[in-house]
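Colleague: A structural model of the following input is requested.
(3 chains)
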Amino acid sequence: MSNRIDIKKTYKLYIGGAFPRTESGRTYEVKSSKGVFVANPCLASRKDLKDAVVAARSAYPGWNKATAYNKGQIFYRIAEMLEGRRSQFVDEIILLTGVTKLKAEKEVSESIDRLVWYAGWSDKLSALAGSTNPVAGPYYNFTIPESMGVVGVIAPEAPSLLGLIDAIAPVIVSGNTCIALASSKAPLPAITFAEVLATSDLPGGVINILTGKSSELAPWFASHMDIDGLDISGVPTKLRGELRTAGAENLKRISSFSAASPDRILAFMEAKTVWHPIGN
Amino acid sequence: MSLVATNFYGLVDGSDSSLKKFLSTLPGVDQVGAEARAAMLATRSIKTTSKRWAIDTAISMVDLTTLEGADTRGKVEALCTKAVRPDPINLAVPHVGAVCVYNDMVGIARHHLDLVGGNNIPVAAVSTAFPSGRASMAVKIQDTSDAINAGAGEIDMVIDRGAFLSGDLIGVFEEIVKIREVCGEKAHLKVIFETGELVTYDNVRKASYLAMLAGADFIKTSTGKVAPAATPPVVLVMLEAVRDFYAMTKTRIGVKPAGGIRNTKDAIKQLVLVNEIAGPEWLTPALFRIGASALLNDLVMQRMKMDDGYYASPSYVTID
Amino acid sequence: MTFEYAPAPESRSSVSISPKYGHFIGGKFVAGTKHFPTINPATEEVLSKIACGTKSDVDAAVKAARKAYVGTWSKMSGKERGKYLFRIARIMQERAREFAVLETLDNGKPIRESRDVDVPLAAAHFFYHAGWADKLEYAGLGTSTKPHGVAGQIIPWNFPLLMLAWKVAPALATGNTVVLKPAETTSLTALLFAQVCQEAELPAGVVNIVTGDGSTGALIVNHPGIDKIAFTGSTEVGKIIARAVASTKKSVTLELGGKAANIVFDDAPIDEAVEGIINGIFFNQGHVCCAGSRLVLQENIADEFLEKLKIRMNKIRVGDPMDKNTDLGAINSQEQLLKIRELTIAGDKEGAQRWSPECALPSKGFWFPPTIFTGVTQGHRIAREEIFGPVLSVLTFRTPQEAIDKANNTPFGLSAGIWSEKGSRIFWASQQLRAGVIWANTFNKFDPTSPFGGYKESGWGREGGRHGLSAYLKGFSHE
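Modeller: Numbers count the residues shown, from 1 in each chain, chains lettered A, B, ... in the order given. The predicted structure is shown next:
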């Protein structure tokens, strides 16, 4: 083997389909499970969050308008890209968490399968959560689920990849755009996942990924008036009350989950009811 | 021939294209909304003094009608007497707005009305091959001029619904213009749509404007031979039309619901519609008539109840 | 000629009002300690004295509700629960006249509306939810759905009985028990409803009614024995509640304010649109969270449309709410009247043009004439803040997208109206509007089968339909 010096990756943020450094210039050290330095990912600031919200908001109309069929196809495309780069994720997960290869492979497989599972939900949500309502009068009346806008996601510390995908996929499959804060201990798979997203057909800004400290950024997610919903599954229970209090300012929809479920999609959707007279 | 009919209020030039263009600018009618509005106005509770006023007003607006194959001189004469004195034992009851008969009964009606003190009550003749309107133009013109020559002061013509529904709006328009010419200054023209055959409120609105432009003095819902006839929402749409036409032309066109208005309650609902849709200016026999026969006796009975404080019996009301 | 409608007052004889009321706890009426007067806002006549619920009252009510939940209601089959709801619905229909008269006396709304809308819809809500009680596993909300337990419900003064029905019917159908607080100014129909519960032989403690003001409401919101909060009222109070329960396990649904746009396109069915605008803002004196308080009018028809609107406004009959011909009744309270005045004066100061038809207002009671402001832009306070009164702000637009942008330019998202005869435009607009209820070519329609609730700051959750049930089942509402 040669003595070649390998090229190390600079882990940056993923905002609006681009990979900027944090505006703050701050980074933090991420070590392997064995305590060896691995990388200096960005320590995102509240201003990075602000920029990401702008990106997510501007991506929202386009993504929301994409047909359910198209959204499902793009989800499947992300899964394809992830499958193609699975070994990279396995390596990163092992490096940062020290789990066995078998376990790391299982997490990546589940992540891919979860994307495919959510891909199939895109065009079934109105059948699941919609209704035509037999009102007592000459009106056609129906209720459909609709995306709510921009949703924040505080991903759990572990599993770093599956936890992130589990939180992001249900949020965006309905047409929302999101800003996700990755696991702070193991943020690298999240940024590598951003590379997957960048090479899939997902429009820039639909998913934005920040790395940093939940304790610093989560309150800014909660208080941001242009974030409509917030998944706090990754926030420890005892800290959630504070976020809910801050989120009350714009009556953010705040939820947390422990398993994949269509309820996780519907938690970040609104029900819209439309009335129209029936006459000639 | 009146001036109005020659220039069509300056709104159309009498051509097919100008008529179509004008009618296409009319907003649509939402069926459910129009019916809901009429239903809401039907909840108006008209009591005591206002009911008394409404009953007398309604009586004065009745076009007392007989339009049967079995009509005879005797029947028509009795009707004319009734028209003049709806309640023979109470002469405070006003006379009706007009007597409405078939063309061949016009002379009899006119003569008898004059005989019994009803020289101020006009005779209205149904015309233009009533009720179907299916005859040649020559026959329709003859039909109308016969009625006028026999003393009809009002002509209730039917439109050609077949032509209307097939899209021949200019054909319908020109017929009305021609009959208007025949009426001249001698007779008022009421144009009957037979709304039960036009079916949609959009058609009722379109027909209303078409007839007003062509020179109608009144627009009238129905012949009385087809149901549904003068339903509150149909009348509502027509009242909106005359109100808005007034805003455009400063000319007030009258409205005549006919068919299905059988009791006092129905009649008062019609007056509420007039009051709240077209406005109180239309609350006069010159601008609102109710085509009816049985209605008159119910109005008379309700009036008796209001005078006496107890319910009346048909035995005390004349059956003519 | 003029057609004056003689007074046609509904008779008060069907109702009997006690001089003083207590609370309804554990199936019994219990005396209160402090009392405040409740008045007829149309006359300022004191109707009765209402108890102001204290901590011990709320404790007793929660305890009774818990006991009923554990001991009776949670053990009862859905089929039997449903029968109680059917009974309640029937008794409400039987006593409909009484409810309508009492509602109008206490609230100031026209008898025509309480008789034709509030009371029949309230009964309909009980009928609808009665049928759900034994079919919850088929509601598509999972097969192991469980009620929360004790629901604390706080309702507003604009539709006192109807909002009670919206809250109590689904709570009971799903197996919760209830502690309900009616609004301070409108408690009487809730107390009459307590009698209905007794007549229906509803088990003691399933429904408890504690009257009082905001302090009583706060006691319910903060009570540790409450599992679920359902609130309808202002966004301001909704946020206070959201904060109050943020660190608890309480589940919450909120139905809050709105500033709905009623958009009229130039191809609208004009006469029905005029009616829809009238109904949208003057129904219930504009005391409606989903009121169409912003008329967003296509500029090319604005003059003609406003002319028609004014002609129609001239026909609005303002006055004695008990008169069957009254269209616009009394403002519910002095406080609300002052708020409406303050905001309309702001409208004047900010340069909008105020117009009201000539109408004589009664000398006693709280009254505000039907009012429109033209020349309003999104920058005016009267275009942004909820006035909750008979006041319409008129804005204009040039293109469909501009109409949507203006309609959505608000922190609220409860309802919106669209008037157009073009099908594709209606569907487009209803997709674009960020609101929970879209009325196209109609407005202010409600039905128990039809989910109601808002986006954004208009609240959390839906009421009515299958969606509304989920608010009262674990795992579906904000928790």
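Colleague: In contact with the residue in chain C positioned nearest to chain B, which residues?
Modeller: Going by C-beta to the nearest C-beta, chain B is nearest to C:E272 of chain C, at 3.1 Å. Heads up, the C-betas are built off the backbone N, CA and C, glycines and all. Neighbouring residues of C:E272 by C-beta atoms under 8 Å, 6 or more residues apart in numbering or on different chains: B:29-30, B:33-34, B:37, C:419, C:441.
Colleague: Run through who's touching the helix or strand harbouring B:A38.
Modeller: Assigned by DSSP states H and E, B:A38 belongs to helix B:31-41. Here helix B:31-41 makes contact (C-beta under 8 Å, 6+ apart) with A:137-139, A:277-280, B:200-201, B:231-233, B:235-237, B:269, B:272-273, B:276-277, C:269, C:271-272, C:275-276, C:441-442.
Colleague: contacting residues around residue 218?
Modeller: By default, I'm working from chain A. Shown in contact with A:A218 (C-beta under 8 Å, 6+ apart): A:154, A:181, A:232, A:235, A:239, A:243.
Colleague: Can you look at chain C instead?
Modeller: C:A244.
Colleague: quick check, the helix or strand harbouring B:D266 touching chain C?
Modeller: Assigned by DSSP H and E, B:D266 falls within helix B:264-273. Yes - using C-beta under 8 Å from any C-beta of the partner chain, helix B:264-273 reaches chain C at B:271-272.
Colleague: where does the chain have low pLDDT?
Modeller: The chain I'm using is chain A. Scanning chain A for pLDDT under 70 picks out A:1.
Colleague: The intended chain is chain C.
Modeller: C:1, C:143, C:476-479.
Colleague: So which residue is smack in the middle of it?
Modeller: C:F159 (4.4 Å; C-alpha atoms, centre = their mean).
Colleague: Skipping adjacent residues, who's closest to whichever residue of the stretch 101-250 of chain B sits closest to chain C in space?
Modeller: At 5.4 Å from chain C, B:E240 is the closest residue in the stretch 101-250 of chain B, using C-beta to the nearest C-beta. Closest residue to B:E240 apart from its sequence neighbours, by C-beta to C-beta, 6 or more residues apart in numbering or on different chains: C:D271 at 5.4 Å.
Colleague: Close to chain B: what parts of the stretch 51-200 of chain A are there?
Modeller: A:137-139.
Colleague: Nearest to chain C: which residue in the stretch 1-150 of chain B?
Modeller: When scored by C-beta to the nearest C-beta, the stretch 1-150 of chain B has B:G33 as its residue closest to chain C, at 3.1 Å.
Colleague: what's the answer for chain A, then?
Modeller: Here chain A gets closest to chain C at one residue, A:G241, 2.8 Å apart by C-beta to the nearest C-beta.
Colleague: Just the closest residue of chain A to chain B, please.
Modeller: Scanning chain A for proximity to chain B using C-beta to the nearest C-beta identifies A:G279 as nearest, at 2.8 Å.
Colleague: name the element that residue belongs to?
Modeller: Counting by DSSP H and E, A:G279 is part of no helix or strand.
Colleague: same deal with C:S48?
Modeller: Assigned by DSSP H and E, C:S48 falls within strand C:45-51.
Colleague: name the helices or strands packed onto that strand?
Modeller: Using 3 or more C-beta pairs under 8 Å, 6 or more residues apart in numbering or on different chains; DSSP states H and E, the elements in contact with strand C:45-51 are strand C:35-40.
Colleague: roughly how far apart are the closest residue to C:P321 other than its chain neighbours and C:S114?
Modeller: Leaving aside its sequence neighbours, C:P321 sits nearest to C:G329 (C-beta to C-beta, 6+ apart; 3.6 Å). Going from C:G329 to C:S114 by C-beta to C-beta, to the nearest Å gives 9 Å.
Colleague: now swap in B:M157 and tell me
Modeller: Separation of B:M157 from C:S114 (C-beta to C-beta) stands at 48 Å.
Colleague: quick one: which of those two has more around it?
Modeller: Taking neighbours as other C-beta atoms under 10 Å in any protein chain shown, B:M157 and C:S114 compare with C:S114 leading, 33 against 29.
Colleague: Make sure that one is actually in contact with C:D106.
Modeller: No - at 9.8 Å, C:S114 does not count as touching C:D106 under the criterion of C-beta atoms under 8 Å.
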